[in-house]
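Visitor: would you be able to build a 3D model of this:
(2 chains)
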Amino acid sequence: DVKVTQSSRYLVKRTGEKVFLECVQDMDHENMFWYRQDPGLGLRLIYFSYDVKMKEKGDIPEGYSVSREKKERFSLILESASTNQTSMYLCASSLLDPGDEQYFGPGTRLTVT
Amino acid sequence: GENVEQHPSTLSVQEGDSAVIKCTYSDSASNYFPWYKQELGKRPQLIIDIRSNVGEKKDQRIAVTLNKTAKHFSLHITETQPEDSAVYFCAASSPTTDSWGKLQFGAGTQVVVTP
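Guide: Prediction:
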């Protein structure tokens, strides 16, 4: 059974803080993804990675960076948190081939005050 | 890049009736179309998918149809039950720019099944 875990379910940070969100998967998946979920906007891709130390920008990368030092772990970094980054953040992982199911983590509800 | 539009944004149905959600996509090279279901407070989970070489796929009460010419695909839920209440997301994957399994998601449809 695939398990994707995220470091926090709820997080409250102040404007300007550096924020780290971590995601770990235990199925040896090559692909890992970070999405942002906002009402009426669906799931928007921030960054994804298809291999260790590899990363690709998604649709909304501004204000975010990522790190993948190990295959099972993918971190999302908010360099200087802003109130418009208040959102639900979802991590996902999948095998490399297009058409493989993405398995999602439980999400982190981030509030920036 | 790929753009996916999903309609309606909300759908209220009586238990036992059918529900239909429609999505259109822009990239004619897209070849994989999954549907994810997200129950309240839970993570999205794949419920059914279809590839471009197939026109229809069924799994018990759910089915997906694909019209490549018109570039749209639909999710059909028959005999709806209260546990079908959730947000449903369609998605598309194009091998031209998204070779790494990247999906473009629609905005989601909130389905409410009333007893």
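
Visitor: give the rounded mean pLDDT of stretch A:68-82.
Guide: Average pLDDT, stretch A:68-82: 97.

Visitor: pull up the distance across it, start to finish.
Guide: Taking CA to CA, to the nearest Å as the measure, stretch A:68-82 stretches 23 Å from start to finish.

Visitor: paired strands for the lowest-mean-pLDDT helix or strand in chain A, with orientation please.
Guide: Least confident helix or strand of chain A, by mean pLDDT, DSSP states H and E, is strand A:56-57 with a mean of 92. Applying DSSP bridges, strand A:56-57 is found paired with strand A:42-49 (antiparallel).

Visitor: not counting the strand it pairs with itself, show me its contacts.
Guide: Applying CB atoms under 8 Å, 6 or more residues apart in numbering or on different chains, the contact partners of strand A:42-49 are A:31-38, A:55-61, A:64-66, A:68, A:74, A:76, A:89-90, B:6, B:44, B:89, B:100, B:102-108. To be clear about C-beta, it is placed using only N, CA and C from the backbone, and glycine gets the same treatment.

Visitor: now list the buried members of those.
Guide: Neighbour counting with 16 or more other CB atoms under 10 Å in any protein chain shown marks A:31-37, A:55, A:58-59, A:64, A:66, A:68, A:74, A:76, A:89-90, B:6, B:44, B:89, B:100, B:102-108 as buried within these.

Visitor: who's in contact with residue B:103?
Guide: If you count contacts by CB under 8 Å, 6+ apart, residue B:103 has them with A:45, A:102, B:34, B:91-93.

Visitor: check those and tell me the two furthest apart.
Guide: Distance extremes for those: the farthest pair is A:45 and B:34 at 14.4 Å, using CB to CB.

Visitor: need the contacts of residue B:103 in a markdown table (columns: secondary structure and pLDDT).
Guide: Formatted as a markdown table, the contacts of residue B:103 follow (DSSP: H, G, I helix; E, B strand; the rest coil; pLDDT from 0 to 100):
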| residue | secondary structure | pLDDT |
| --- | --- | --- |
| A:45 | strand | 95 |
| A:102 | coil | 94 |
| B:34 | strand | 96 |
| B:91 | strand | 96 |
| B:92 | strand | 93 |
| B:93 | strand | 89 |
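
Visitor: which one of those is nearest to residue A:80?
Guide: Nearest member of the contacts of residue B:103 to residue A:80, counting by CB to CB, is residue A:45, at 21.2 Å.

Visitor: quick one: contacts for the closest residue to that closest one other than its chain neighbours?
Guide: Closest residue to residue A:45 apart from its sequence neighbours, by CB to CB, 6 or more residues apart in numbering or on different chains: residue A:58 at 3.1 Å. Under the criterion of CB under 8 Å, 6+ apart, the neighbours of residue A:58 are A:33-34, A:44-48, B:102.
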